[in-house]
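>>> Below is the structure, and that's it, no one-letter string:
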């Protein structure tokens, strides 16, 4: 009879123990006010002292990325990514800002008035 085989976990598998270790058991009160569309950009290259997941965030965010994109690329839950980004914000390795919202479309009646004025020229 062979010994029981240990179950191998896939890298993308949600492992509660691993996620707890990544976040250090951080409380939700300790998190920065980030939402899914908050843009994050790194200010520096990763140092040898940061966690591997934080180093991955720093490499990914050379160009601005939303927290949702970071979560998808790293295959980590949003809550875990917010804790990791909060730590990076505290050490000033990244910057965050709300996304730039495109200006609202002008009023339809204004556009029609401009169009009629141009047609009369």
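Structure received. Here the structure is a predicted model, which means the values were calculated and not measured. Residues are numbered from 1 along each chain as shown.

>>> Just the strands from the protein, written as ranges.
39-42, 65-66, 94-97 (DSSP state E).

>>> Listing request: residues of this protein with sub-threshold pLDDT.
1-32, 100-105 (pLDDT under 70).

>>> dump the residue contacts of residue 97.
By C-beta atoms under 8 Å, 6 or more residues apart in numbering, the contact set of residue 97 is 38-39. C-beta here means a position set from N, CA and C on the backbone, and glycine is covered the same way.

>>> from here on, count from 17
With 17 as the first residue, the last one maps to residue 113.

>>> quick one: it from residue 105, how far?
11 Å (C-beta to C-beta, to the nearest Å).

>>> Equivalent analysis for residue 128, please.
Distance of residue 128 to residue 105, computed by C-beta to C-beta: 47 Å.

>>> circling back to that earlier point, I'd like a version of the strands of the chain in JSON lines, one that adds distance to residue 95 as further columns.
JSON lines is the format used below for the strands of the chain (distance: least, C-beta to C-beta, whole Å):
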{"stretch": "strand 55-58", "distance to residue 95": "15"}
{"stretch": "strand 81-82", "distance to residue 95": "15"}
{"stretch": "strand 110-113", "distance to residue 95": "16"}
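
>>> Residue 89: which of these is closest?
strand 81-82 (7.7 Å; C-beta to C-beta).

>>> tell me what the closest one is packed against?
Strand 81-82 is packed against strand 55-58, with contacts defined by 3 or more C-beta pairs under 8 Å, 6 or more residues apart in numbering; DSSP states H and E.

>>> which of the residues in the strand it packs on are buried?
55-56, 58 (16 or more other C-beta atoms under 10 Å).

>>> Other residues contacting that strand?
73-75, 77-83, 86, 101, 104, 109-115.

>>> now stretch 67-74
Stretch 67-74 is contacted from outside by 38, 56, 58, 60-62, 66, 86, 90, 92, 97, 100-101, 103-104, 109-110, using C-beta under 8 Å, 6+ apart.

>>> Could you pick out which of the residues you listed are located in helices?
38, 86, 90, 97, 100-101, 103-104 (DSSP state H).
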